[in-house]
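Trainee: Sequence and predicted model, in that order:
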Amino acid sequence: MEKPQNISYNINEDNMKILISTLKQKKQIIELGGGVENIEKQHKKGKMTARERLTALFDKDSKLIEIGSFAANDLYDEYGGCPCAGVIVMIGEINERNCIVVANDSTVKSGAWFPMTAKKNLRAQEISINTNTPIIYLVDSAGVFLPLQSEVFADKNHFGRQFRNNAKISALGITQISAIMGSCVAGGAYLPIMSDEALIVKGTGSVFLAGSHLVNAAIGENINNEELGGANTHCDISGVTDYKCEDDKDAINLIRDLISLLKKNDNAGISRIKSVSPKSNIEDIYGHFPKKRNEPYEIKKIIEGLVDDSFFREYKSTYGKTIVCGYARIDGWAIGIVANQRKIVKNSKGEMQLGGVIYSDSADKAARFIMNCNQKGIPILFLQDVNGFMVGSKAEHNGIIKDGAKMVNAMANSVVPKFTVIIGNSFGAGNYAMCGKAYDPDLILAWPTAKIAVMGGEQAATVLAKLEEKKYKKDGKSLTKEIKEKIYKEVNDNYESQMSPYYAASRLWVDEIIDPGETRLYISKGIEISNKRKIDTFKTGVIQT
């Protein structure tokens with residue numbers, strides 16, 4: 001397909017390229033972990049960095065995806081920062097078997113656990129459980145970051161939840177392998193030993209409930225860390241670890257060998273044929289997505305740039321037009337797509353409907369389509385650019401809450417793999433209906449154009465300014481134009497910063513921010529790992545019709 005030639009298209013394309021350039025620059029900084037100096041210290045100890053270990057572990061031709069690279073972004077500046085939450089999570093093939101690998105980055109605060117480290121590790125385990133995918137831990141951590149212990153220790157989804165998950169994953173028959181390649185201290189010592197098999201590297205690996213200094217303080221015993229919990233101690237004397245490795249490379253080769261012995265699980269039977277590239281270049285998407293978020297655009301142009309052969313079989317094309325539904329393939333995989341339509345459309349009655357808003361007819365259509373995908377065993381991709389559900393007396397009289405609830409019910413009870421990509425706005429209940437993080441998507445991703453909030457900044461600022469005006473009137477005061485403008489600006493600026501995809505990714509509301517050009521890779525890999533799990537029978541609860 002020839003690229004359109006017009007000023008608007010070029011402006012949009014340039015804007016997207018700038019956003020992608022910023023994204024890549026931020027990632028490059030994050031990938032340095034604790035910085036060049038700390039990387040050199042790691043090498044002097046005879047250790048590979050976490051990213052070097054991952055590169056050596058995965059197959060050279062494997063398609064890799066990273067999860068949570070922006071986790072903890074700007075969250076712990078008062079402690080010197082915690083890039084990538086101090087742990088790297090990647091999914092890819094090891095001896096042709098997909099695995100999830102969790103690698104502590106000891107260049108970042110010696111691999112200490114921050115609150116977001118725990119959240120990120122739990123997300124990796126959640127994906128493992130949901131997709132029946134083996135999980136490998138490359139352990140090199142100083143344990144809990146003590147200044148923040150109250151935020152990481154005792155609650156349900158804190159540090160200890162990981163060991164509970166170790167037990168559950170093992171009970172499900174999902175392979176877990178741990179390699180102790182550095183420190184493994186205190187409660188963290190249970191993670192590798194609750195795995196199916198544990199490796200330890202001579203000289204650098206150690207595992208104990210209390211280090212030598214604490215042992216001395218507690219019981220007066222004088223002993224060094226190597227004798228207390230090194231490779232010889234745990235392989236020759238205690239039997240805590242299963243394999244002794246000479247160095248990092250030896251440990252990595254052993255992991256690869258152990259993975260090669262795994263049986264290949266039966267798959268769920270998701271349809272896949274030979275992959276065909278889209279007819280249009282991926283950069284065509286850049287120009288079709290508007291720089292100004294209030295401008296309409298055609299979502300089907302975006303879909304055509306993502307799916308095989310740019311072929312999209314639309315479902316109920318003339319009904320409920322503010323949501324577009326249909327079947328396609330991505331990298332050969334069958335996929336059902338539910339996408340918000342941002343342009344103004346006419347409904348069946350000839351009435352104009354706002355783009356990016358979910359109306360009763362579109363919610364009804366989407367619910368039925370989601371049920372059809374579940375009936376056929378077809379994964380679902382949600383493309384979010386939504387301002388929420390339609391409001392007002394007409395919408396209420398048409399039963400918008402009933403139809404919205406129907407859509408949410410069908411989506412929440414889906415048994416097929418679900419994937420969400422936030423390409424634009426993700427506001428209010430629209431985030432929920434379009435499979436936001438609360439609804440357990442197998443992967444949830446964001447383009448750098450994403451905005452996530454309970455409502456848009458302008459709307460929030462207007463509402464809060466009016467509330468403040470009422471408060472002033474109640475106190476017998478009048479709100480000047482200057483104060484109104486100040487309130488509006490403060491609220492709007494605050495909302496704009498919190499709507500950023502980087503704000504969301506820092507808190508793991510989304511798994512990753514991606515270049516739109518990576519969408520096919522992430523969705524294909526997501527279906528590939530999800531195809532190893534059993535798809536249950538689809539059923540819903542009570543639905544009002």
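Mentor: Received, thanks.
Trainee: How much space separates G229 from I180?
Mentor: 9 Å (C-beta to C-beta, to the nearest Å). Where you see a C-beta, it was placed from the backbone N, CA and C, and this is true even at glycine.
Trainee: intersection of neighbour lists for these two?
Mentor: Overlap of the contact sets of G229 and I180 (by C-beta atoms under 8 Å, 6 or more residues apart in numbering) consists of 206-207.
Trainee: In terms of neighbours, single out the busier of those two.
Mentor: Neighbour count, other C-beta atoms under 10 Å: between G229 and I180, I180 has more, with 31 against 28.
Trainee: pLDDT below threshold where in this structure?
Mentor: The chain contains residues with pLDDT under 70 at 1-5, 187.
Trainee: Mind naming the longest helix for it?
Mentor: Ranked by number of residues, the top helix in the chain under DSSP state H is helix 7-30.
Trainee: same for it, what does it pack against?
Mentor: Packing contacts for helix 7-30, counted by 3 or more C-beta pairs under 8 Å, 6 or more residues apart in numbering; DSSP states H and E, involve helix 283-288.
Trainee: CA atoms only for the helix it packs on, dumped as CSV, please.
Mentor: Taking C-alpha atoms only, helix 283-288 is exported to CSV below (Å, rounded to 0.1, in the frame of the first residue of the first chain):
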residue,chain,number,x,y,z
GLU,A,283,5.0,3.1,10.0
ASP,A,284,1.7,3.7,8.2
ILE,A,285,0.1,3.3,11.6
TYR,A,286,2.2,6.2,12.9
GLY,A,287,0.6,8.6,10.4
HIS,A,288,-3.0,7.3,11.0
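Trainee: Downstream of it, the next helix or strand is which one?
Mentor: Toward the C-terminus, helix 283-288 is succeeded by helix 299-306 as the next helix or strand (DSSP states H and E).
Trainee: how far out from the middle of the chain is that following helix?
Mentor: The chain centroid and the centroid of helix 299-306 are separated by 22 Å under C-alpha atoms, centre = their mean, to the nearest Å.
Trainee: next helix or strand past it?
Mentor: Moving toward the C-terminus from helix 299-306, the next helix or strand (DSSP H and E) is strand 313-315.
Trainee: Walk me through which strands that following strand pairs with, and which way each runs.
Mentor: Applying DSSP bridges, strand 313-315 is found paired with strand 323-330 (antiparallel).
Trainee: Now do the partner strand against helix 299-306: the angle between them, please.
Mentor: Relative orientation of strand 323-330 versus helix 299-306 (axes from the mean of the first three to the mean of the last three C-alpha atoms, to 10 degrees): 10 degrees.
Trainee: Please enumerate residues in contact with the following helix or strand past strand 323-330?
Mentor: Using DSSP H and E, the helix or strand that follows strand 323-330 towards the C-terminus is strand 333-340. The contact list for strand 333-340, computed with C-beta under 8 Å, 6+ apart, reads 270-272, 299, 302-303, 307, 312, 322-329, 355-356, 358, 366, 369-370, 372-373, 378-386, 424, 430, 434, 523-524, 527-528.
Trainee: ok, 6 Å please
Mentor: For strand 333-340, contacts defined as C-beta atoms under 6 Å, 6 or more residues apart in numbering pick out 271-272, 299, 324-328, 356, 366, 373, 378-383, 385-386, 527.
Trainee: likewise stretch 106-125?
Mentor: 33-34, 38-39, 42, 68, 71-72, 82-83, 85-87, 89, 100, 102, 104, 140-142, 144-145, 148, 151-152, 158-159, 161-162, 165, 182, 508.
Trainee: Mind checking which of these land in helices?
Mentor: 38-39, 42, 161-162, 165.
Trainee: State the distance from N372 to T233.
Mentor: In terms of C-beta to C-beta, N372 sits 59 Å off from T233.
Trainee: Quick one: list the elements packing against the host helix or strand of K473.
Mentor: Assigned by DSSP H and E, K473 belongs to helix 457-474. Under the contact definition 3 or more C-beta pairs under 6 Å, 6 or more residues apart in numbering; DSSP states H and E, helix 457-474 sits against helix 481-499.
Trainee: Centre of the chain to the helix it packs on, how far?
Mentor: 30 Å.
Trainee: before we move on, what about stretch 353-370?
Mentor: With C-alpha atoms, centre = their mean, you get 25 Å for stretch 353-370.
Trainee: buried stuff in that stretch?
Mentor: Of all the residues in stretch 353-370, those buried under the rule 16 or more other C-beta atoms under 10 Å are 353, 355-370.
Trainee: Which members of those residues are positioned in strands?
Mentor: 353, 357-358 (DSSP state E).
Trainee: A217: how many residues sit nearby?
Mentor: 10.
Trainee: show me where the stretch 101-250 of the chain has helices.
Mentor: Here the stretch 101-250 of the chain has its helices, by DSSP state H, counting those that start in this stretch, at 115-131, 161-171, 190-193, 212-219, 225-229, 231-232, 248-260.
Trainee: tell me the SS of F382?
Mentor: Classification of F382 using DSSP: H, G, I helix; E, B strand; the rest coil returns strand.
Trainee: re the thing from before, go through the contacts of stretch 106-125 and flag which are in strands.
Mentor: Under the assignment DSSP E, those contribute 87, 89, 100, 102, 104, 140-141, 182 to strands.
Trainee: From those residues, pick the one nearest K418.
Mentor: Distance ranking of those against K418, using C-beta to C-beta, places I100 first at 18.0 Å.
Trainee: For that closest one, which residues are in contact?
Mentor: Neighbour list for I100: 91, 124, 128, 133, 135 [criterion: C-beta under 6 Å, 6+ apart].
Trainee: same thing but at 10 Å, please
Mentor: I100 makes contact with 67, 89-92, 124-125, 127-128, 131, 133-137, 174, 176, 529, according to C-beta atoms under 10 Å, 6 or more residues apart in numbering.
Trainee: Can you pull the phi/psi pair for the residue of the chain most remote from its centre?
Mentor: What lies farthest from the middle of the chain is G476; by C-alpha atoms, centre = their mean that is 49.4 Å. Dihedral pair for G476: phi 80, psi 20, per degrees, to the nearest 10.
Trainee: ditto for G81
Mentor: Residue torsions, per degrees, to the nearest 10, at G81 are phi 80, psi 160.
Trainee: so who does the residue nearest to N267 when sequence neighbours are not counted touch?
Mentor: Using C-beta to C-beta, 6 or more residues apart in numbering and skipping the chain neighbours, the partner closest in space to N267 is N531 (4.5 Å). Residues in contact with N531 (C-beta under 10 Å, 6+ apart) are 98, 131-132, 265-270, 272, 333, 379, 417.
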